[in-house]
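**Q** I would like to see how this sequence folds:
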Amino acid sequence: MSWRLVVATTNPHKLRELRQIAARIAPGRLHFLAPEEVLGTPWEGIEESGRTLEENAYLKATALFERIWQPVVADDSGLEIEALGGKPGVDSAHFVGSDAENRSAVLELLRDVPPERRRARFRTVLCYRDALRTLCVEGIVEGWIALEERGTSGFGYDPLFIPEGHERTFAEMEPEEKNQLSHRFRAVAALWETLRRLEEEAVEPEGASEPEVPVWLPWLIRLSAAAARAETAAELDMLLRQALREGVPVRAIAEVLLQLCLFAGFPAAIEALTAAQAFCERFGVPWELLLPEPLETEAMRARGSELFALVYGERTERVRRRLRGGAPVLEDLVLRVAYGEVLSRSGLDIVPREWAAIAALVVGGWWRQVASHLRALLRLGFPAEQCEEFLGILQPFCTPEQWAQLCKVWQYVRQGEHTAVVQRPQEGSWCNGE
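**A** Residues are numbered from 1 along each chain as shown. As a prediction, this is how the structure comes out:
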């Protein structure tokens, strides 16, 4: 498989170096394209306002990806000097001014620092984005800052940096030699290994074209619908008892009731989780405590962006624009909290999560979202006939008007309509045989 990645950069030196490295690591298989090769005009770039290399790489990759909707990679690199507390770090490219001014400023700050205390490291972060995932890799090379500028090759801080185990600066080396040692080489090597793993994951095992469906999933759907509809404690207890008898894992129950905070509101989630925990304690069933997952903000946002793209597919950017139009913070909350923190939790696979979400959304009458999650299931390979079977589970939890609307929504999704108008179900269709 050949990978063609558009590089979110306005720096021709960086692009040339990435291409040289790719030719060495994966000749003929890894290709880095300039933005203008896709846009037709030069890319204007963005303001690098991130507080870390990871944030800057993510911001650049996202900005270009949302313009071209093709696989993108963005690089952000920094020189971290121990005697300067890690500076210039994320500000390396714009430390004081031009490349020459930046180098002069570093030498001036280190003027009285002896050679043995001039330890430093170059670090590169590469952020990859496509329609389904966002991921970051890094490459690091340790070394020292020279007492003066040496060499004319390379760019940036290359005339100052001596990689560990060598006596020459990067700028004194030939490009081929530097590219085997550099932080950027190591980052591209890490990216290539990641892309190769994605290739292997993309190879579908023989006879595994459909997602595996737990036999207990219908009871999880009923439980989500009942909890979203705020059934009485006795009715919820009855469903919990039956769900546990049918083999629904307690962790799956807890995760579904937790995600109700997104689809039915926090009061529904609180009441349902409290009732389920009390039920388990009464009958001696070990309850699964749901603890926060210790992830940084950007990691949650990246994880959420990946899941969001999986759910919305080709509509991803359209939906994100709609969220931003309502309030920019809304897009961040949906990606980071809803999809990154709640729906990406371990403990429950995506197919049961989607069905539990649909159950709650149907009860609440959120038909646009119901359609989106049904499309996601079909995109995941869930059989349309089984979708109809599972949708039928929800009829007892619907009013007649809700059931009629659900039938319309399913026809809309099944037929791939692109208008907001959905015709009434035809005689003999699956939802008219009741």
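
**Q** how's this structure carved up into domains?
**A** The record's domain parsing of the chain by automatic domain parsing lists 3-202, 217-290+345-432.

**Q** Which one of those domains lies nearest to A302?
**A** A302 lies closest to domain 3-202 among the domains of the chain, at 4.2 Å (C-beta to C-beta). Using the backbone N, CA and C atoms, a C-beta is placed for each residue, glycine as well.

**Q** tell me how far the closest one is from the chain's mean position?
**A** Here domain 3-202 shows a centroid-to-chain-centroid distance of 22 Å under the convention C-alpha atoms, centre = their mean, to the nearest Å.

**Q** in terms of contact, does T134 touch C127 like I think?
**A** Yes - using C-beta atoms under 8 Å, T134 is in contact with C127, at 6.9 Å.

**Q** joint contacts of the two?
**A** Common neighbours of T134 and C127 (criterion: C-beta atoms under 8 Å, 6 or more residues apart in numbering): 58, 61.

**Q** Which of those two has more residues huddled nearby?
**A** Just comparing T134 and C127: by other C-beta atoms under 10 Å the higher neighbour count belongs to C127, 28 against 22.

**Q** Give the other helices and strands that the host helix or strand of the more buried one contacts.
**A** In this structure, C127 sits in strand 119-129 according to DSSP states H and E. Where contact means 3 or more C-beta pairs under 8 Å, 6 or more residues apart in numbering; DSSP states H and E, strand 119-129 is packed against helix 53-68, strand 72-81, strand 134-145, helix 183-202.

**Q** give me that answer again for 10 Å
**A** Strand 119-129 sits against strand 3-7, helix 53-68, strand 72-81, strand 134-145, strand 161-163, helix 183-202, helix 297-312, with contacts defined as 3 or more C-beta pairs under 10 Å, 6 or more residues apart in numbering; DSSP states H and E.

**Q** Can you give me the buried ones in it?
**A** Within strand 119-129, the residues that qualify as buried are 120-129, counting by 16 or more other C-beta atoms under 10 Å.

**Q** Show me the shaky parts of the stretch 151-300 of the chain.
**A** 201-211, 231 (pLDDT under 70).

**Q** Need the nearest residue in space to A34, chain neighbours excluded.
**A** L15 (5.8 Å; C-beta to C-beta, 6 or more residues apart in numbering).

**Q** Restricting to C-alpha, output the helix or strand hosting the one you found in PDB.
**A** Per DSSP H and E: L15 is located in helix 12-25. The C-alpha atoms that make up helix 12-25 are tabulated as PDB, following Å, rounded to 0.1, in the frame of the first residue of the first chain:
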ATOM      1  CA  PRO A  12      10.200  24.200   1.900                       C
ATOM      2  CA  HIS A  13      13.300  23.100   3.800                       C
ATOM      3  CA  LYS A  14      11.100  20.900   6.100                       C
ATOM      4  CA  LEU A  15       9.200  19.400   3.200                       C
ATOM      5  CA  ARG A  16      12.400  18.600   1.300                       C
ATOM      6  CA  GLU A  17      13.900  16.900   4.400                       C
ATOM      7  CA  LEU A  18      10.700  14.900   5.000                       C
ATOM      8  CA  ARG A  19      10.800  13.700   1.400                       C
ATOM      9  CA  GLN A  20      14.500  12.700   1.700                       C
ATOM     10  CA  ILE A  21      13.700  10.700   4.900                       C
ATOM     11  CA  ALA A  22      10.700   9.000   3.300                       C
ATOM     12  CA  ALA A  23      12.800   7.900   0.300                       C
ATOM     13  CA  ARG A  24      15.200   6.200   2.700                       C
ATOM     14  CA  ILE A  25      12.600   4.700   5.100                       C
END
